[in-house]
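# Need a 3D model of the sequence below.
(2 chains)
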Amino acid sequence: MTASSTPAMVELQGVAKRYGEVNALHRVDLSIAKGEFVTLLGPSGSGKTTLLNLIAGMITPSSGRIVIDGRDATTLPTNKRGLGMVFQNYALMPHMTVFENIAFPLEVRRLSKAEIQRKVGEALELIQLGHVANRKPRELSGGQQQRISLARCIVYNPALILMDEPLGALDKKLREQMQLEIKRLHAELGITMLYVTHDQDEALTMSDRIVLMNGGRIEQQGTPDTLYFRPETVFSAEFIGSSNLIPGTVEIGADGSHALNTALGRFDAPAPERAIKAGEPAVLLVRPENMTLTDAATPASVAGHIEDSILLGGVVRHFVRCADGSSLIIQELNQPGRSGAHRGDAVRAAWQPQHGRLLPPAPAG
Amino acid sequence: MAQSSSASDLSPWTALLLLAPLTAVMLLILIYPLGLTVWTSLYNGRFSFDAYVELASSTLFLRVLRNTFEIAIGGTLVSLIVGYPVALHLAAQPPRRRTAYLIMVMLPFWTSILVKSFALVAVFGNQGLINQFLGFVSGGTLNVPMMFNRVGVILGMINFLLPFMILSILGSLLALDRRLILAAETMGAGPLRIFWKITLPLSLPGVLAGVLINVTLSIGMYITPALLGGRQDMMVANLVDFYTRQTLDWTAASATAVALLILSGLLVALLGKVRGSAGLAGAGA
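Here you go, the predicted model:
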């Protein structure tokens, strides 16, 4: 999945971080190509921030090697790594004006006054905030402050920009605007970006590639499409998008066709990418939008009754309680004249067998 | 919405009742003696400003006044120069070790200033540890007088002033968001630039608070110059003592005390203005 044609911007080789007895990060290998937008996605404690801090140089790895832009940076101090970083709390210098904040990295690089003037002006232009140059950060809104902190990064053209949940402190609408803004800047400037978030929507919206982290390990990585449509584990399936998971045991026919025997019946399913032996436990994943409500008893369908229906604007989500007590989610497009399904109605949740996906069961615990 | 129990909703009478005990105590122990002092300085059989006129033309008073400001400002500067690095080091420690170090910083507070002063003589005096050592290595020729002169007063004073300076600066340094430093590091800034451009400017409120507290405390210093200073190092408080106990001139003593109060009040106001907030000027008075 990693782009092998372009040279790597960041290369992690067997990088691990231990704090005493605790493994914050197990051996991780990761390569980020030049110009790529990679998101580290995962719940808190999954190791994504540890990984980011290792690349930033704020902590040193317990083992392994970090190469940035072809240079071994494993023990290089932060200020020698040539990075940019955007923080969740913006980390703008409160005693400096917006102009001085953006000029700071240029002063570090000993640019001439005229050069600084020009570059800061350009950066402010890029984020359309030229009119606030002489204000102090605290006089600006959260969204403006985060754009200033982006400009402060972009202005010195670092090879790699790290972003640590940069939009976490903003409200939903502003967050969506900023997602597009960051994407636009990435497309215009072609800077490699490594973005940390726990928000799956943000990861799906912005990334060229998502690296899903879980318990200090990389659970799965790939394009947003891959992670959404071809999750390899129950964790991936549940973390990205919503999912219906039906447990059972695998049955393999003489022709190699797969099926899952479950408490709700026997369902045909495509062969999994990673082979699961016959008779072994597995889980059948069907995305809610691939399920429909029907009356006909098709082979891939489960009987139940509607427990609740909620309207989410463009889509409707039904919660169906099955005979064995488990519950399924069915998501349908909302259309005028849609036949109303009512609470308590007996229905069947049906799907196309090729939309099912067999996954190895989640590890116990 | 204001809660019914919030302080702003107290009726004026309840507020007055709550403030009454403190007001009474302050009236008794602060305002009354102060008023009496001002009165004594102005009334000696008849009402006049003679004491102040005399003070303004007294070379003794003016010399003592100059001493006082020199010692107070000098002591504060030494305390700042010595204290800032200590505060910087403390701020960089993990919380538990910082607590241990802070206890060491506070230790002088738990010792009587009298005991500390004599301890300083044992170390810095003519027969003290340092001069004994100097005499030993120089074969008896070297003896640096460090007690009963200006150096002695400043040494004794910073021993008392330092904790106030360190704690004020430490407060500012701990309030400094560490991510600002990390951000500066990622932008390529070295430790020196980070100190000058970020740490120092952002710790200035603490520095100014420390300076203010130190100046205020040292300007009224009495025991230290009396014990560790020479005859040339008399401060205003010692002069007040001289008038009250040696010459029994209570009018001059009162006028001197009132002059000191006004002058230090002006100094505090000035420093408060530099700081750009009136809040601390009030707290330091």
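
# which ones are touching the closest residue to B:Gly220 other than its chain neighbours?
Here the nearest residue to B:Gly220 in space, its sequence neighbours aside, is B:Ala237; by Cβ to Cβ, 6 or more residues apart in numbering or on different chains that works out to 5.5 Å. Every residue, glycine included, has its C-beta placed from N, CA and C. If you count contacts by Cβ atoms under 8 Å, 6 or more residues apart in numbering or on different chains, B:Ala237 has them with B:220-222, B:225, B:260.

# now A:Arg321
By Cβ under 8 Å, 6+ apart, A:Arg321 lies in contact with A:304-307, A:327.

# of those residues, closest to chain B?
Using Cβ to the nearest Cβ, A:Glu307 comes nearest to chain B of the contacts of A:Arg321, at 38.7 Å.

# That closest one: neighbour count?
Using other Cβ atoms under 10 Å in any protein chain shown, A:Glu307 is surrounded by 13 other residues.

# And it, its phi and psi?
Main-chain dihedrals, A:Glu307, degrees, to the nearest 10: phi -90, psi -30.

# again with A:Thr39
phi -110, psi 130.

# In contact with it, which residues?
If you count contacts by Cβ under 8 Å, 6+ apart, A:Thr39 has them with A:194-197, A:202-203, A:206-207, A:209-211.

# ok, and the residue nearest to B:Gly220, which helix or strand is that part of?
Take DSSP states H and E as the rule and B:Ala237 turns out to sit in helix B:236-241.

# Could you pull up the residues touching A:Ser243?
Taking Cβ under 8 Å, 6+ apart as the test, what A:Ser243 contacts is A:231, A:237, A:285-288.

# again, only this time at 10 Å
If you count contacts by Cβ atoms under 10 Å, 6 or more residues apart in numbering or on different chains, A:Ser243 has them with A:231, A:234, A:236-237, A:283, A:285-288, A:329, A:357, A:359.

# Also within reach of chain B: list those from the contacts of A:Arg321.
Counting by Cβ under 10 Å from any Cβ of the partner chain, nothing from the contacts of A:Arg321 sits close to chain B.

# For the stretch 1-150 of chain A, what lies in contact range of chain B?
Residues of the stretch 1-150 of chain A that fall close to chain B, judged by Cβ under 10 Å from any Cβ: A:53, A:56-58, A:77-96, A:100-101, A:104-109, A:149.

# helices and strands around the longest helix seen in chain B, which ones?
Once chain B is assigned using DSSP state H, the helix that runs over the most residues is helix B:59-91. Secondary-structure packing of helix B:59-91 (3 or more Cβ pairs under 10 Å, 6 or more residues apart in numbering or on different chains; DSSP states H and E): helix B:50-57, helix B:95-106, helix B:150-175, helix B:200-219, helix B:223-228, helix B:236-241, helix B:250-275.

# now the spatially closest residue to A:Gly344 that is not a sequence neighbour, what's its secondary structure?
Distance criterion Cβ to Cβ, 6+ apart; nearest residue to A:Gly344, sequence neighbours excluded, is A:His305 at 5.9 Å. Secondary structure for A:His305, judged by DSSP: H, G, I helix; E, B strand; the rest coil, is strand.

# and A:His305, what is it in contact with?
With Cβ under 10 Å, 6+ apart, A:His305 has these contacts: A:320-323, A:342-347.

# and what of A:Ser242?
Going by Cβ under 10 Å, 6+ apart, A:Ser242 touches A:287-289, A:317, A:329, A:331.

# okay, those residues in CSV with neighbour count, pLDDT and secondary structure next?
Shown next, in CSV, are the contacts of A:Ser242 (neighbours: other Cβ atoms under 10 Å in any protein chain shown; pLDDT from 0 to 100; DSSP: H, G, I helix; E, B strand; the rest coil):
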residue, neighbour count, pLDDT, secondary structure
A:Arg287, 20, 94, coil
A:Pro288, 20, 94, helix
A:Glu289, 17, 93, helix
A:Arg317, 17, 92, strand
A:Ile329, 17, 94, strand
A:Gln331, 17, 92, strand
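
# List just the nearest of those to chain B.
Distance to chain B across the contacts of A:Ser242 (Cβ to the nearest Cβ) is lowest for A:Arg317, with 36.6 Å.

# For the closest one, which residues are in contact?
Applying Cβ under 10 Å, 6+ apart to A:Arg317 gives the contacts A:242, A:288-289, A:308-311, A:329-332, A:334.

# Check the gap between A:Gly64 and A:Glu36 for me.
Using Cβ to Cβ, to the nearest Å, one gets 21 Å for the distance from A:Gly64 to A:Glu36.

# no, scratch that, I was asking about A:Val67
A:Val67 is 15 Å from A:Glu36, by Cβ to Cβ.

# neighbour-wise, which of these two wins?
The residue with more neighbours, out of A:Val67 and A:Glu36, is A:Glu36; 22 against 16, by other Cβ under 10 Å.

# how near is the more buried one to chain B?
The gap separating A:Glu36 from chain B is 19 Å, by Cβ to the nearest Cβ, to the nearest Å.

# Could you pull up the residues touching the residue lying closest to that residue once chain neighbours are set aside?
In this structure, A:Glu36 finds its nearest non-sequential neighbour in A:Asp208, 5.1 Å apart by Cβ to Cβ, 6+ apart. Residues near A:Asp208 by Cβ under 10 Å, 6+ apart: A:3, A:32-33, A:35-39, A:186, A:193, A:223-224.

# A:Leu194 too?
A:Leu194 makes contact with A:9-10, A:30, A:32, A:36-40, A:48, A:51-52, A:55-56, A:83, A:85, A:160-164, A:211 under the criterion Cβ under 10 Å, 6+ apart.

# again, only this time at 6 Å
Contacts were defined as Cβ atoms under 6 Å, 6 or more residues apart in numbering or on different chains; by that measure A:Leu194 touches A:38, A:162.

# Now do the SS call for it.
strand.

# do the same with A:Ile32
Recorded secondary structure, A:Ile32: strand (three-state DSSP).

# Relative to A:Gly42, how far out is it?
16 Å.

# Of these two, which one has the most company?
For A:Ile32 versus A:Gly42, neighbours defined as other Cβ under 10 Å are more numerous around A:Gly42 (28 against 24).

# contacting residues for the more buried one?
With contact set as Cβ under 6 Å, 6+ apart, A:Gly42 has these partners: A:48, A:213-214.

# show me where pLDDT drops low in chain A?
Counting by pLDDT under 70, chain A shows low-confidence ranges at A:1-6, A:339, A:364-365.
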